[in-house]
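Student: Let me see the structure of the following:
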Amino acid sequence: MPAARPEGASRITRKQGTDTTCEVFLIGVFHRDAANLRFVAEAVHLTSPDVIAVEARPSFLPAYRSLSAALPKPLLRKMTAETLYYISLEDRLSWHAALLGANERLAATSSSGSASSSSALSPPRLLSAFLARELVLSDKVAAVGAAGEAGLPLHGLELDDPAAYAALLAGPLTAAEGAGPGARPPAAHGRQLTGGAGGGGGGSRVLSPEDLEAEQRAAALSCLQPAAAAAFDQWFRRVARGSEDSSGSGSSDGEGDTQVLLLQLSALMAQCMDPASYMSYVDETDALMSDAGRVGAAAAAQYAQLTAVRETHFLRRLYQLAANGGGVCGLAGGDGGEVQGRRPRRLAVVLGRAHAARMRRALDTGGQLAAAAAR
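Tutor: Next up, the predicted model:
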């Protein structure tokens, strides 16, 4: 991941006696990328915000602080000081062992009904992170660290009503691994679809997970610069040839290796896109995943919940934070502090890159989503 270069700020203006403008810097990340710690730290340093917000449930912020505090300090310093393209097995084991132990302690000591342990550290998600050579919760740890280093308040953007949040997960896109929203880049959604993706209308054929992945790969390739697209296409062809050779030899290990490689390559494509290309890729993915005839009615409905519905809520939270720094309806963003009434001049927001791309466009164009959030 390159050094942090936040794009031009979006601006939220609210009339409260006099016009007050708050610059909003959307820091789009890939949730489990190992480079998040340095990337977010650099972005916060460059933008000098008054407040930081993160794509997280407000009531879980104390848990994320506890989990972050459990990580070995030398490992955190290493990841904040270096842009890491490769994480050793030892460092990944150290990271996840520390988080898992702290998560288990939180679960054991939490009171009934309170937000405690994180589902991001469930066995399926840990296995997925290891296969993809990723770090679970790197984006949350990065936001907690940046806020703590700068002495800034940290707020959560996510829906915090337990029933509403549980409803987001009730669908085929998250059923396969019990994952929370935004856990994977768009290219991985096809893998999360299980046999019954929901019926499409009008007799249209619902794509199989394999066909859906192929369409998403084709969309990503079409959005890359030609040289990068050619390189990825060559890699995909090599993986396919290797898979055919394994099948011919009767090896049972080759299929699993192939799926891991395809998942990693698909995720890497998105990281190689500039903002304009990535926006095109998001639009193509949205069109595909919103088509009930191709992905099934249940999957399309859940995708709308995971994107447009949540982003409308995110934008409402941004407007609230821009208006009074988090003192909304007697709440302080769930961070345990007192209600603050001071309006921030600059707000840095750490969230998934696809959410950031759509929300930046909504804020900059004053479109329907931004209008809904302002109400």
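Student: In which helix or strand does the closest residue to L121 other than its chain neighbours reside?
Tutor: Distance criterion C-beta to C-beta, 6 or more residues apart in numbering; nearest residue to L121, sequence neighbours excluded, is N103 at 4.6 Å. Just so you know, the C-beta spots here come from the backbone N, C-alpha and C atoms, and that holds for glycine as well. N103 is part of helix 89-109 when elements are defined by DSSP states H and E.
Student: so what secondary structure elements neighbour that helix?
Tutor: helix 61-70, helix 73-81, helix 123-131 (3 or more C-beta pairs under 8 Å, 6 or more residues apart in numbering; DSSP states H and E).
Student: Tally up the residues packed near the residue nearest to L121, please.
Tutor: Counted with other C-beta atoms under 10 Å, the neighbours of N103 add up to 24.
Student: Repeat that for A308.
Tutor: Neighbourhood size, A308 [other C-beta under 10 Å]: 17.
Student: do you know how far it is from M359?
Tutor: 11 Å (C-beta to C-beta, to the nearest Å).
Student: same check, this time on L212
Tutor: L212 is 25 Å from M359, by C-beta to C-beta.
Student: Same check on E213?
Tutor: For E213, the distance to M359 - C-beta to C-beta - is 26 Å.
Student: Looking at the two now, which is surrounded by more residues?
Tutor: Remark: of E213 and M359, M359 carries more neighbours, 25 against 21, as counted by other C-beta under 10 Å.
Student: Could I get the full set of strands for this protein?
Tutor: 10-16, 18-29, 51-54, 154-156, 346-352 (DSSP state E).
Student: Considering those strands, which stretch scores lowest in mean pLDDT?
Tutor: Lowest mean pLDDT within the strands of the chain: strand 10-16, a mean of 54.
Student: what's the closest non-adjacent residue to T47?
Tutor: For T47, ignoring the flanking residues on the chain, the nearest one in space by C-beta to C-beta, 6+ apart is F25 at 4.5 Å.
Student: quick one: low-confidence parts of the stretch 151-300 of the chain?
Tutor: Residue ranges of the stretch 151-300 of the chain with pLDDT under 70: 175-204, 243-256.
Student: Could I get the contacting residues of A348?
Tutor: F25, I27, A43, V44, T47, P49, V51, I52, A53, A146 (C-beta atoms under 8 Å, 6 or more residues apart in numbering).
Student: mind checking how far it is from R57?
Tutor: Applying C-beta to C-beta to A348 and R57 gives a distance of 19 Å.
Student: swap in R217?
Tutor: Taken as C-beta to C-beta, the span from R217 to R57 is 32 Å.
Student: buried set for stretch 258-274?
Tutor: For stretch 258-274, burial by neighbour count (16 or more other C-beta atoms under 10 Å) applies to T258, L261, L262, L263, L265, S266, A267, L268, M269, A270, C272, M273.
Student: Dump the longest helix seen in the chain to PDB, restricted to CA.
Tutor: In terms of residue count, the longest helix belonging to the chain (DSSP state H) is helix 226-249. The C-alpha trace of helix 226-249 is given here as PDB (Å, rounded to 0.1, in the frame of the first residue of the first chain):
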ATOM      1  CA  PRO A 226      -4.000  -2.100 -19.200                       C
ATOM      2  CA  ALA A 227      -0.500  -3.200 -18.000                       C
ATOM      3  CA  ALA A 228      -1.800  -4.200 -14.500                       C
ATOM      4  CA  ALA A 229      -4.800  -6.000 -16.100                       C
ATOM      5  CA  ALA A 230      -2.500  -7.900 -18.400                       C
ATOM      6  CA  ALA A 231      -0.300  -9.000 -15.500                       C
ATOM      7  CA  PHE A 232      -3.300 -10.100 -13.400                       C
ATOM      8  CA  ASP A 233      -4.900 -11.900 -16.300                       C
ATOM      9  CA  GLN A 234      -1.600 -13.800 -16.800                       C
ATOM     10  CA  TRP A 235      -1.600 -14.800 -13.200                       C
ATOM     11  CA  PHE A 236      -5.200 -16.000 -13.300                       C
ATOM     12  CA  ARG A 237      -4.300 -18.100 -16.400                       C
ATOM     13  CA  ARG A 238      -1.400 -19.700 -14.600                       C
ATOM     14  CA  VAL A 239      -3.500 -20.500 -11.600                       C
ATOM     15  CA  ALA A 240      -6.100 -22.100 -13.900                       C
ATOM     16  CA  ARG A 241      -3.400 -24.200 -15.600                       C
ATOM     17  CA  GLY A 242      -2.000 -25.300 -12.300                       C
ATOM     18  CA  SER A 243      -5.500 -26.300 -11.100                       C
ATOM     19  CA  GLU A 244      -6.000 -28.400 -14.300                       C
ATOM     20  CA  ASP A 245      -2.700 -30.100 -13.700                       C
ATOM     21  CA  SER A 246      -3.600 -31.000 -10.100                       C
ATOM     22  CA  SER A 247      -6.900 -32.400 -11.200                       C
ATOM     23  CA  GLY A 248      -5.300 -34.500 -13.800                       C
ATOM     24  CA  SER A 249      -2.900 -36.000 -11.200                       C
END
